[in-house]
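Colleague: Give me a model of this one.
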Amino acid sequence: MMEYYTVKRIDNSRLLRPAPAAGLKDFWRRAACGAALAACLLFYALQHFECIQKRYQIEQLQSERAQAAQLNQQLQLEVATLDSPMRVDAIARNQLGLTIPVPGQAVPADGSSEAVLADSPAAVSAARP
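Modeller: Numbers count the residues shown, from 1 in each chain. Next up, the predicted model:
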């Protein structure tokens, strides 16, 4: 007698195997470790980029400070030039027509040399008997 074997194709793609509890626990442990590592890397990157940004700000502030120092030096030189007694004398003589006073031309104003202070009413009444 002859036997015939037929191959029956079975579609098992729709079947779901229950996941073992140990495998699921291991999956969550690995996912948590991966998330912690990613958080650490993101925190490091944030700190690194903040540091770079602060360096740029420091460099910009240093250049502004150097410009301010240069402007301050120029302004101090200009003030020193404008305050020069020779320059003031030249402007007084040439533009304003002022001259050096001759002796006897300038006379001090006459007035009493004693200063009079205003008295408060309390001081006046205390001075009266």
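Colleague: what's near enough to touch the residue nearest in space to the middle of the chain?
Modeller: Residue closest to the average C-alpha location in the chain (Cα atoms, centre = their mean): Leu61, at 7.9 Å. For Leu61, no residue meets the contact criterion (Cβ atoms under 8 Å, 6 or more residues apart in numbering). To be clear about C-beta, it is placed using only N, CA and C from the backbone, and glycine gets the same treatment.
Colleague: next structured bit after the helix or strand that contains it?
Modeller: Assigned by DSSP states H and E, Leu61 belongs to helix 21-82. Counting by DSSP H and E, the next helix or strand C-terminal to helix 21-82 is helix 85-94.
Colleague: now that following helix and helix 21-82, what's the angle there?
Modeller: Inter-element angle recorded for helix 85-94 and helix 21-82: 50 degrees (by axes from the mean of the first three to the mean of the last three Cα atoms, to 10 degrees).
Colleague: hey, C-alpha coordinates of helix 85-94 in CSV?
Modeller: Coordinates of each C-alpha in helix 85-94 appear next as CSV, following Å, rounded to 0.1, in the frame of the first residue of the first chain:
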residue,chain,number,x,y,z
PRO,A,85,43.9,128.1,28.9
MET,A,86,45.7,129.2,25.7
ARG,A,87,42.6,128.3,23.6
VAL,A,88,40.3,130.2,26.0
ASP,A,89,42.6,133.2,25.9
ALA,A,90,42.7,133.1,22.1
ILE,A,91,38.9,133.0,21.8
ALA,A,92,38.5,135.8,24.4
ARG,A,93,40.9,138.0,22.5
ASN,A,94,40.1,137.3,18.9
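Colleague: So what's the residue count around Ala92?
Modeller: Burial of Ala92 is recorded as 13 neighbouring residues (other Cβ atoms under 10 Å).
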